[in-house]
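Peer 1: Need coordinates for the following:
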Amino acid sequence: MSTISTQLRNFKEPTKEQQTQLFFALPPDMPRGEKDVELERMECQASLVLSGEEVFAGKLHLLPPYLAFCSLDRKSARFSIPLSTIRRVERLNARAGVYALSLSLYHGMKFVIHITSLRPTADLFCSLLRDALKVELQRGRMKTVKTFVKTCYSEVLVASAENEEKEAEAAKTDDNSSSSESAYLGGLGLKFKFPGDPKKLREASKTKLWTTYLKSHGRNLTLFRYAQCTRLVQVGLPNRLRGEMWETLSGSLYLRYENPDYFENILKENEGRINTATEEIEKDLHRSLPEYSAYQSEEGIASLRKVLQAYSFRNPETGYCQAMNILAAAILIYMSEEQAFWLLEVICDRLLPGYYSPSMHGTLLDQRVFEALVHRCLPILYDHFQQVDVQLSVASLPWFLSLFINSMPMVFAFRIIDCFFCMGPKVLFQVGLAILKINGEDLLQIQDDGGFIQLMREYFSKLGESAHPESSDPRARAITRFQELLLVSFREFAVITDDTIINERRRYRSEIVNSIESFSKRSAVRNLKTLGRFTKEQAGLIYDALFKAICVVPPPATVFPTPALLTTKDGSEERPETRIGLKTFKIFLSEICTWARDERVVTNGVSSRVERNIADHELIDRLFFFWDTSFRGALSFQDLLNGLDGVMFNDLMENIEWFFNLHDKNKDGYLTKDEVLTLSESLLFIFRFEVGDAYLGAVSRFMSNAFEYGDALLPRSDAAEPNDDSPQPQIESNQPYMNLATFRMVVLADEILETFFETDFNSTFKLEPVPLDMPSSNPSVLGSLWSNIASDDNRKFFNIVTDQIGRTIGKHQVYHRPAIGKITSLEEPKARESLLTPTMRHSTSSTSLNTGASDSSTNLATPSVSTSPSLLTVDTPTPKSKISPAEYSPMPTMLQAAANAAAYMERTPFAIDDAKDDEEDTDDESAAEDDGVMDEVDAFLEEHDTGLTDADRELAKDLINAEPV
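Peer 2: The predicted structure follows:
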């Protein structure tokens, strides 16, 4: 079975702080150590001023360990610099009402910040900035900047430009540049050459423009981004500078700066490890840009293998997904292995979340968004696609998934990737819409998916040609199809902003989540090894209950063993599989089984509600480990299906046997006295909310019969007399006490327990549709207002108030729903009848159960049962003699077995049942008997005839004997 992911349903919109971090491309908050000081964040209104430059009004953000600024239009100016690159901070003597700070950076650049907030706010900001700088100084981060910037090509580029200005030292400049070039990080293109012709790509002109910009506005860690920077990126990045600019614009540079040597360490720790991800990586290594010469050699393949494996080790849940190899192979041309690793991390987790995951939910969501944008911006083309049943995603899915690398020549795809890292994911949508608009007339002629794909291939193959070859204007003829594509993308579709993409994603997320979860459910059911006696629909209901439980309590993260213990040379790790722990299992079982939950129906005269709580009992824990047949301490979907299949379709005898085996801890076919007691507690737990005492009485009779019969079958020593009243032998805690046949007989002796195991127990397992709260889609204003009002906290407060009102007016009632609910009226428990035959009562093993025994022996023989649902105690006699387990046998010999069988069949004689002939009674005897009976009646009446006193009787006699007047 594949893994079950709840990431889509548990998706939460990023907070304001997270959105700020995403905008400035800063790494997420790292877990702090015990010695790390938690620094406060703050933002304030400020203006950025450069010498001789325009003033940019915006917001200044203190995000330790970074300082960031963004202009109000979010385009004109922005920077995000580590605090460790700040070398000096001074407060300037400015005019009244202006709070100005002068900052000097590592590369010698100076700039002024005017804090335009109120004076207390400005003082607080400066105080927090000072504290953050002290922490960076104590951590020693200031010293690491020099070592780190040596790995950046921009340092070499600026140094070479400065040295070229000194004509006297031209020769030394060449030597120094060559020596410094060997220190910076570069990609495979340094050895295997970069794609494209440098002259056609105008590498020299681009390098000169970027050198000028980097000298004036900082570089790598201290880069300031103005509108000119975006225009230079749209023109194109020089090949040697492209790798560094990618990681600077995307923010992966900060990850590499904060985590030195992480890439090498993770490869060393997992050296030799083989799992599903590494196997899939090996399959795709030679399919990754095979036309590029570097991937026709072992050096390029080895670099690609290291990057992909390191990412799979860092993100085991994602591992490796198709198209990730294309992306990694492309960026390795311009970046080193470590740079490519961190850039791949940023692309998969921040820029394109969900694109390279097992469900590919990010890709599917953006395809739905792209389809909606086509419908809005190109309605005629969209309607034509609907009429001829052409799927837009047939062509657009590879565009987004491979960032156009697989669709168009690499030299043009890398130009789009330059803009992607600089401007964000909206570039993919803008370029996609521009492609469709430019080819709109031809697309209206296609009739099927094949024609659509073929037309796109022809267009991409001609991107380097002139867009207007027949024009009389030479400047128009010089414009290539690719330049036209960029022009249409960034001018005509500039209305597609980041906010547009975010809103559209929020709008269609629920739809995509629902379709992906439905597909995952079908796949999980289809991948089951066996369905048992369930149908596919029933297995789907079980999956729904499992999915809801995982949403409430996510399963524990997969813990990989140490590489040395993982595999042998011929083996590999098994495929990942979602397994739930005990906490998740309790929630799952509460959705399936009625006795595994506590349902309270609360009425208070104002409202009525049903509160469901998860039950907690040893029976549920025992069931969890009973179904864990592989002894992993966790259950998979298949384990749950097999477990339910073993109980939901049983008949009477199978249920009795299943319940017996559930409580037979050591699986030896016998229950000890403690296990019988635990079994009784399990029954009481199931019956805890049933109406009346009928089920309670049934459990009480079961315990009495079980211990009575179990004691009667215990063997005695050979020297014991048949009618000896000596005490029973002592029973060890693990002594076999009751086998399955005896347990079955004791259960069948009670009508209520027999009915429970025959029908009621199966009826407590119910497969019903599980309601799942879908993720919120794009809400309206009223919807957002109502969601804020109807929050969980507000509901709890409302329930507390209404319950208090109900108690005041005397209408507050709480009713527990029973697990079975078969008995709805109060019934008196039936009297217990002994299961022992007269022969067994007079046997040597049952003297304590003799009916003629004294009161003390009766007290010893009769268990004292506590009816508390949570605790059962049985007071049994404490025998003195002991017996070894080997001597124990309920039926020691064949003769004894036959005798006991005959005793079972012998009926107890009763004197009242003795039959007589009716002819033996004569009439005289009958008359005499009748007279005798009447005489006894008269004598009784004479003695108790009235309530008169003696004086009254004498007066009565005189009246009776008096003569008439």
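Peer 1: so how far is residue 48 from residue 112?
Peer 2: When distance is defined by Cβ to Cβ, to the nearest Å, residue 112 is 8 Å away from residue 48. Yep, even glycine has a C-beta here, placed from its N, CA and C like the rest.
Peer 1: Residue 362 now?
Peer 2: The gap separating residue 362 from residue 48 is 35 Å, by Cβ to Cβ.
Peer 1: got the contact list for residue 254?
Peer 2: Applying Cβ atoms under 8 Å, 6 or more residues apart in numbering, we find residue 254 in contact with 25-27, 66, 82.
Peer 1: if you set the cut-off to 6 Å instead, what comes out?
Peer 2: Going by Cβ atoms under 6 Å, 6 or more residues apart in numbering, residue 254 touches residue 27.
Peer 1: Checking the closest residue to residue 554 other than its chain neighbours next. Helix, strand or coil?
Peer 2: Of all residues not flanking residue 554 in the chain, residue 6 sits nearest, at 6.4 Å (Cβ to Cβ, 6 or more residues apart in numbering). Under DSSP: H, G, I helix; E, B strand; the rest coil, residue 6 falls in the coil class.
Peer 1: Tell me, how many residues neighbour residue 6?
Peer 2: Neighbourhood size, residue 6 [other Cβ atoms under 10 Å]: 17.
Peer 1: SS state for the closest residue in space to residue 229 that isn't next to it in sequence?
Peer 2: Excluding the flanking residues, the one nearest residue 229 by Cβ to Cβ, 6+ apart is residue 213, at 6.7 Å. Here residue 213 is recorded as helix under three-state DSSP.
Peer 1: Residue 213 and residue 315: what is the separation?
Peer 2: As judged by Cβ to Cβ, residue 213 and residue 315 stand 35 Å apart.
Peer 1: worst-scoring helix or strand of the protein, pLDDT-wise?
Peer 2: Lowest by mean pLDDT, DSSP states H and E among the helices and strands of the chain is helix 855-861, with a mean of 35.
Peer 1: show me where the stretch 501-650 of the chain has helices.
Peer 2: Taking DSSP state H, counting those that start in this stretch as the criterion, the stretch 501-650 of the chain carries its helices at 536-552, 582-592, 618-627, 637-648.
Peer 1: Can you check what angle separates the second one from helix 618-627?
Peer 2: What it means is helix 582-592. If you take axes from the mean of the first three to the mean of the last three Cα atoms, to 10 degrees, helix 582-592 sits at 100 degrees to helix 618-627.
Peer 1: Can you give the domain ranges for the chain?
Peer 2: Per automatic domain parsing, the domain ranges recorded for the chain read 359-527, 654-764+821-965.
Peer 1: just flag whichever of the ones you listed has the lowest average confidence.
Peer 2: Sorting the domains of the chain by mean pLDDT places domain 654-764+821-965 lowest, at a mean of 63.
Peer 1: ok, back up a step: neighbour count: residue 112 and residue 48, which is higher?
Peer 2: More neighbours surround residue 48 than the other of residue 112 and residue 48, with 23 against 17 (other Cβ under 10 Å).
Peer 1: Doesn't that one lie inside a strand?
Peer 2: Yes - judged by three-state DSSP, residue 48 forms part of a strand.
Peer 1: and it, what does it touch?
Peer 2: So residue 48 contacts 56, 69, 77 (Cβ under 6 Å, 6+ apart).
Peer 1: What of residue 250?
Peer 2: Neighbours of residue 250 in contact, by Cβ under 6 Å, 6+ apart: 346, 421.
Peer 1: if we go to 7 Å?
Peer 2: The contact partners of residue 250, taken as Cβ atoms under 7 Å, 6 or more residues apart in numbering, are 25, 343, 346, 351, 421.
Peer 1: Repeat that for residue 92.
Peer 2: Residue 92 sits next to 100, 102, 112 when contact means Cβ under 7 Å, 6+ apart.
Peer 1: quick check, the second one in a helix?
Peer 2: Pointing back at residue 102 there. No - Residue 102 is assigned strand when assessed by three-state DSSP, not a helix.
Peer 1: May I have the beta-bridge partners of it?
Peer 2: Beta-bridge partners of residue 102, counted by DSSP bridges, are residue 90, residue 112.
Peer 1: Test my guess that it contacts residue 90.
Peer 2: Yes - look at residue 102 against residue 90 with Cβ atoms under 7 Å: they come within range, at 4.5 Å.
Peer 1: Do I have it right that residue 466 meets residue 480?
Peer 2: Yes - with contact defined as Cβ under 7 Å, residue 466 reaches residue 480; the gap is 6.3 Å.
Peer 1: quick revisit: tell me the most packed of the contacts of residue 48, by neighbour count.
Peer 2: Ranked by the number of neighbours (other Cβ under 10 Å), these place residue 77 first, at 24 neighbours.
Peer 1: Can you report phi and psi for the closest residue in space to that one that isn't next to it in sequence?
Peer 2: Using Cβ to Cβ, 6+ apart and skipping residues adjacent in sequence, the residue nearest residue 77 is residue 56, 4.1 Å away. For residue 56, the backbone dihedrals are phi -120, psi 120 (criterion: degrees, to the nearest 10).
Peer 1: Quick check: beta-bridge partners of residue 56?
Peer 2: Judged by DSSP bridges, the bridge partners of residue 56 are residue 48.
Peer 1: gap between it and residue 474?
Peer 2: As judged by Cβ to Cβ, residue 56 and residue 474 stand 39 Å apart.
Peer 1: cool, and residue 215?
Peer 2: For residue 215, the distance to residue 474 equals 34 Å [Cβ to Cβ].
Peer 1: Can you get me a residue count around the nearest residue to residue 585 once chain neighbours are set aside?
Peer 2: Nearest residue to residue 585, sequence neighbours excluded (Cβ to Cβ, 6+ apart): residue 624, at 5.0 Å. By the measure other Cβ under 10 Å, the count of residues near residue 624 is 22.
Peer 1: I would like the residues contacting stretch 752-763, please.
Peer 2: Residues outside stretch 752-763 that contact it (Cβ under 7 Å, 6+ apart): 648, 650, 652, 655-656, 694-695, 698, 702, 747-748, 820, 822.
Peer 1: okay, among the residues you listed, which ones form the most distant pair?
Peer 2: Maximum pairwise distance among these (Cβ to Cβ): 24.7 Å, between 648 and 694.
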